[in-house]
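Asks: next input, structure requested:
(chains A, B and C)
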Amino acid sequence: MGNRDDSPTATIAETRSPAALTRSELLLTKRSRRFRRLGSLLGEGLLFAIASVSTVAVLFIFIFIFKDALPFFTLRGFKEFFTSIAWYPSADPPEFGALAMFIGSGLVTLGAVVVAVPMGVSAAVCLSFVLPFAVRQVVKPVIEILAAIPSVAYGFFALVVFAPLLQTRGPGLLSVAIWLVGVPIILLGAVVAGGLVSRRVSGRFLLAGRTATIVAIVGPGLWLLYRLSGGIRGVEVTSGTNALNVSIILGIMALPTIVSVSEDALQAVGRELREGSYALGATRAETVLRVVIPAAGSGILAAVILGVMRAVGETMVVWMASGNAAQIPEPWFNYLEPVRTLTATIAGDMGEADHVTGSARYHVLFAMALCLLAISFVANLASELVMRRTRRMLGGE
Amino acid sequence: MESKTQLGTRKLLDRSFTGLGVGSIVLMVAALIIVLGPIFVRGWGSFLFRATVEHRQMMLENFGRGDAEVILAEAAAAEQARQPVYVMIARFEEELDEMGSPERREYRGYLGELKDRLRELLGPLPGEPRPVLPRSQYGQTRWDRAVVKLRDVLYVEEYDYSDPTRMGQRILVPRVKDFEGTSLEPLFAYIEQNLTEMLRPRVTFYWRFLFDTSVDAHFFGGIWPEVLGTLYLTVGAMLFAVPLGIVAAIYLAEYAGEGRIISGLRSFISTLAGVPSIVFGLFGLAFFINAIHISRSKSVLAGSLTLAVLVLPTVIRASEEAVRAVPQTYKEAALSVGASKWRTITTVILPAALPGILTGIVISMGRAAGETAPIIFTAAVSVGRPLKLWQTLTQGTPALPWNIYNLATEHEAVDEIRHVQYGMVLTLVLLVLLLNIAAILLRARITRKLRG
Amino acid sequence: MRSVFSKLGKALALMVVVSSLSMFVGGASAAEDKGHEIVIDGSTTVGPIAKAFAEYYMEKYPEVNITVSESGSGNGAKSLINGTCHIADMSRFMKESEFKAAVEKDVLPVAHVVAMDGLAVIVHPSNPASDLTLEQVRDIYLGKITNWNEVGGPEKKIVVISRDTNSGTYETFENIVMRKEKIAAGVEYVGSNGAIRQRVQSTQAAIGYVGLGFVDRTVKALTVNGVAPTGNTVASGKYPIARPLYMFTNRYPKLGSHVHGFVTLHMSKKGQEIIEAIGFVPLTQY
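Replies: Numbers count the residues shown, from 1 in each chain, chains lettered A, B, ... in the order given. Here you go, the predicted model:
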């Protein structure tokens, strides 16, 4: 602390005794006050400028992408891009129908949501309310590791390990998955139905009624599962790089986001709500399902939106493992077919380093990037609005 | 009045609900193990494996490593073990010259194939000119690959197309059948029994895999250019992002009010966080390289700038959180002794927030190291030397994420270098995990400090 | 603590100054080629040749740094036109539009033919089909023939794989085989020769096309019109789908410069040996 301080805001605790200080140093003269204010204003202005670099960056990104996307739309219009599935950019005359890519992106995102949302939300619930603190401290790092794994590592796994697995054992794995998911659902459904029945029927018919309901649900349910899995086993997976592969991996990648944001939302729900529900005799499941989740509903929605953003914007996994076929699978829900996404098309055809040759070919990639940007922008806005509403509803953090 | 059965049902539902939650978590952990498992297990194979005498010879000739005398003596001993093989082949070739023409042609064909397989397994046959590509100058350097190639020597892969309703069935016919009745028959049994003497495998820990440059398009050698490139890109990105990020965070936490401009600023920051990584890549190319010509072609500088823009929101968010977490009392204490705002920040708040800021930096480093899309067209090349520091401003570099993609899809001999691909993925994943574990530990230390 | 921060601040300022200075230095050198670096970009077919040449050349001249990217022939051309690379590997000749754009930017592309190549049509080794006519290959890619039993295989849907549209291999295929007709919609696209080979070797019902240097024992090359793709049939022109492999430079490189040494490597015995070892067809019987 021996450095001499030269700034105008010297502290009084300097080396000289108070009596030796001159009048000008002690008093805050107008000039020094103005000087100091100017200095702090300038400093604050500089800080603001630096803080706005991110704004500038976003604006620049938007401007540059828009600048290079616009020529495509002025050249080729909107209709072909958004409604045609004919993607032949190097043909003569070229065709730029990107509908197949939009649908491809949509399909894999939908698949990722189906995989990630149920798992993620129930995991978040479990983490917040069920698990003891010690186990939580172990599980949270697992989630963070899942989030930290680079996307190219996921892509490598999808291409080198998962795709051959799907190709050789795909049908078998899928049928096992159907049983794993289906049996608990059927049992649960049976129990719930049995509970409903027991509420209406009483007395002698109770036991018979419940047994009948349970049998009525479990029986056909198991039979349905059996038929489904048999059918799946007969299906041949011609290529392991398909929409299913990518959907599962994207789901795993989106899980950490969904889990952590949902957890935040669930924990933001005040204790009073939960305790009130317990006081009325509800079980933990009922409290969570009927009280907490609805209260945290918009927060969970925000989590899902963020997860969707992650899935839509992912490049490496889809480039390596989606098969890149510019087609709409037939029927549209056939996930075992290869698809092509917007991000993979940009990555694959990117590097059109200048716009002199094949102008529409160059600009169409920016048009796709613009659409991606718009989607992410809208999703971001939506999640922010939703989060703001949650905050307001729950009366502040 | 609730009946017993209803209560039972509700309890059952409750329990199954808990089960569902626990099941989800178990599934997540299983997913992690399934994804990382093969990477870890097979990735180690590029560091720890049984290396043959060919490997040691290759190391000696290409990297000058190892005791020349010992290795040459070993090579000579291996050569002795292989002598019978070459002698038998030479003798068979003499016999061929004395055969009738149609027979000769058939056997020549079989012999040619056999010699090809032998070359892959043991290296060039004696008397042949040295091949020009390093990959053909040596036999198998890894014992696990040697076992696979041995199978190629001993068996011919044929397909049985007899069934017209399905694709051909693969059958392995022992190659000795091609040479039945000739003097070459005992060759195969000999090779099978003496492969260990011919190749002399020894467990080796090739830790230099991380620090060697690659020889012949990653057939031999290590991954140092890629590792160095990743380090340059990550450090470069942080060099740009950290100052900007910390300053922005300080501004947001200490100076900004809650006005419209400020919330606009914040929403821009979160928008930046949501931009897809490929769009960053496109922007990096269009802006840094094409518009302002920060470098003539791909360069580490352009890649670092692009990555910096990518991680900026994370740095800002983490730093802001850390600054906000500093207790008010610290600030008030500083103000009460007459420190100005700026002085308070630099001397009191920042040091207190440093662990949190560091956590954010470390996590962002992990993110920057692992991203591929932003560097594809701004910095990453497939092949190149490890760069010196001043070269990073103008030249592109190989990098782990990009070369993983490149080796796994575009390489001309993908199956031969599987171990290199796994090694790269393992290195990248370990690098990122180490950074994240460091962040987790830092955060644990902070929470412990705050609590106690 | 203050001292730490002032030191930090000074270090930061120094780094900023140094990096901005070097940015200027780096930018200024854009106009001329320092001679010690060669940037190569372009085709994935020519990639293995460029990489092997680069390694050989860098061993001979340790002060040179050669970087090779393989982003496709089209990207190579664009990089050359933009001045962002010294040598563009291309597996097709430059198009008229590319020449026009080059001349506008004062780039005069000069083609150096380094090797010859044939496009082998490959299938999985378990596939009984062994010979197709050029028309049959076209019909498969047009989507007119959809099942292997129409061309000598069992009853299985054909999985058709093609190269991305930015590829010279794709353009060659489009010109010679497809005769500019459009490829069917359900065709899978991959980004490189290596990727096609990977898909074909792991999928029994797949068909694809790769450069000759990428054919190995894990895939089966079909005979087209009865002619098998080998060095001889490609060199003699008998194989119908053959093409030269190019390296383009901006004007003829300065005699004695490293770029010159690199693009004339294929004329040396060593260069031709390397080309043959990789699996392509050297230009002469060296």
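Asks: what residues go with each domain of chain B?
Replies: Here the domain parsing of chain B from automatic domain parsing is B:52-205, B:224-451.
Asks: kindly compare burial across those domains and name the winner.
Replies: domain B:224-451 (a mean of 22; mean count of other CB atoms under 10 Å in any protein chain shown). (Glycine included, C-beta is placed from N, CA and C.)
Asks: burial count for the closest residue to chain C within the stretch 51-200 of chain A?
Replies: Proximity to chain C, evaluated over the stretch 51-200 of chain A using CB to the nearest CB, is greatest for A:Ser90 at 4.5 Å. Using other CB atoms under 10 Å in any protein chain shown, A:Ser90 has 18 other residues around it.
Asks: before we move on, the earlier item: now tabulate the domains of chain B in JSON lines and tack on mean pLDDT.
Replies: Converted to JSON lines, those look like this (pLDDT from 0 to 100):
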{"stretch": "domain B:52-205", "mean pLDDT": "89"}
{"stretch": "domain B:224-451", "mean pLDDT": "87"}
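Asks: how about the residues of the stretch 201-350 of chain A near chain C?
Replies: A:238-241, A:319, A:323-327, A:338, A:340, A:348-349 (CB under 8 Å from any CB of the partner chain).
Asks: returning to what we had before: I'd say the residue of the stretch 51-200 of chain A closest to chain C and C:Ser167 touch.
Replies: No - taking contacts as CB atoms under 8 Å, A:Ser90 lies outside contact range of C:Ser167: 9.5 Å.
Asks: tell me the pLDDT at C:Tyr246?
Replies: According to the predicted model, the pLDDT of C:Tyr246 comes to 94.
Asks: what about it, how many neighbours?
Replies: So C:Tyr246, with other CB under 10 Å, has 26 neighbours.
Asks: any idea how far it lies from C:Ser73?
Replies: Look at C:Tyr246 and C:Ser73: by CB to CB, to the nearest Å, they are 9 Å apart.
Asks: quick one: common contacting residues for the two?
Replies: C:Asp89, C:Met90, C:Ser91, C:Arg92 (CB atoms under 8 Å, 6 or more residues apart in numbering or on different chains).
Asks: ok, and the closest non-adjacent residue to the third one?
Replies: Once flanking residues are discounted, C:Ser91 sits nearest to C:Gly168: 3.4 Å by CB to CB, 6 or more residues apart in numbering or on different chains.
Asks: which ones are touching the one you found?
Replies: C:Gly168 neighbours (CB under 8 Å, 6+ apart): C:Gly42, C:Ser43, C:Thr45, C:Gly72, C:Ser73, C:Gly74, C:Met90, C:Ser91, C:Arg92.
Asks: which of those sits closest to B:Asp160?
Replies: Nearest to B:Asp160 among the contacts of C:Gly168, counting by CB to CB, is C:Thr45 at 33.7 Å.
Asks: beyond the helix or strand harbouring B:Val87, next helix or strand please.
Replies: Using DSSP states H and E, B:Val87 sits within helix B:68-97. The helix or strand immediately downstream of helix B:68-97 is helix B:101-122, counting by DSSP H and E.
Asks: what is the orientation angle of that following helix with helix B:68-97?
Replies: 170 degrees (axes from the mean of the first three to the mean of the last three CA atoms, to 10 degrees).
Asks: go ahead and name everything in contact with the helix or strand that helix B:101-122 is followed by.
Replies: Following helix B:101-122 in sequence order, the next helix or strand is helix B:134-137 (DSSP H and E). Here helix B:134-137 makes contact (CB under 8 Å, 6+ apart) with B:58, B:62, B:119, B:123-124, B:130-131, B:215-217, B:219-220, B:413, B:416, C:277.
Asks: C-alpha coordinates for helix B:134-137, PDB please?
Replies: Extracted in PDB, the C-alpha atoms of helix B:134-137 (Å, rounded to 0.1, in the frame of the first residue of the first chain):
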ATOM      1  CA  PRO B 134       5.800 -44.700 -44.900                       C
ATOM      2  CA  ARG B 135       2.600 -46.600 -44.400                       C
ATOM      3  CA  SER B 136       4.000 -49.400 -46.700                       C
ATOM      4  CA  GLN B 137       7.500 -49.200 -45.400                       C
END
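Asks: helices or strands up against whichever helix or strand comes after it?
Replies: Sequence order places helix B:143-154 as the next helix or strand after helix B:134-137, per DSSP H and E. Packing partners of helix B:143-154 (3 or more CB pairs under 8 Å, 6 or more residues apart in numbering or on different chains; DSSP states H and E): strand B:48-51, helix B:101-122, helix B:185-199.
Asks: now do the second one: everything it contacts.
Replies: For helix B:101-122, contacts defined as CB under 8 Å, 6+ apart pick out B:54, B:82, B:85, B:89, B:92-93, B:96-97, B:99, B:125, B:136, B:139-140, B:146, B:149-150, B:152-153, B:156, B:175, B:178-179, B:182, B:184, B:198-199.
Asks: just the angle between it and helix B:143-154, please?
Replies: Using the same axes, to 10 degrees: helix B:101-122 against helix B:143-154 is 170 degrees.
Asks: same check, this time on the last one
Replies: Angle between the axes of helix B:185-199 and helix B:143-154 is 170 degrees (criterion: the same axes, to 10 degrees).
Asks: and helix B:185-199, how far from the chain's centre?
Replies: Centroid displacement of helix B:185-199 relative to its chain, using CA atoms, centre = their mean, to the nearest Å, is 35 Å.
Asks: now the shortest one
Replies: The offset between the C-alpha centroid of strand B:48-51 and the centroid of the whole chain comes to 18 Å, using CA atoms, centre = their mean.
Asks: that strand: what's the following helix or strand?
Replies: Scanning onward from strand B:48-51 (DSSP H and E), the first element met is helix B:53-63.
Asks: now do that following helix: which elements does it pack against?
Replies: By 3+ CB pairs under 8 Å, 6+ apart, helix B:53-63 packs against helix B:68-97, helix B:134-137, strand B:220-221.
Asks: using JSON lines, lay out these together with distance to C:Leu255.
Replies: Shown next, in JSON lines, are the helices and strands packed on helix B:53-63 (distance: least, CB to CB, whole Å):
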{"stretch": "helix B:68-97", "distance to C:Leu255": "41"}
{"stretch": "helix B:134-137", "distance to C:Leu255": "30"}
{"stretch": "strand B:220-221", "distance to C:Leu255": "34"}
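Asks: tell me which of the ones you listed sits nearest to A:Ile258.
Replies: Nearest of the helices and strands packed on helix B:53-63 (CB to CB): strand B:220-221, 42.1 Å.
Asks: touching chain A at all, the helix or strand just after the closest one?
Replies: Past strand B:220-221, further along toward the C-terminus, the next helix or strand under DSSP H and E is helix B:224-250. Yes - for helix B:224-250, a contact with chain A is found by CB under 8 Å from any CB, at B:Leu244, B:Val247, B:Ala248, B:Ile250.
Asks: is the residue of the stretch 51-200 of chain A closest to chain C in a helix, a strand, or coil?
Replies: Judged by DSSP: H, G, I helix; E, B strand; the rest coil, the three-state class of A:Ser90 is coil.
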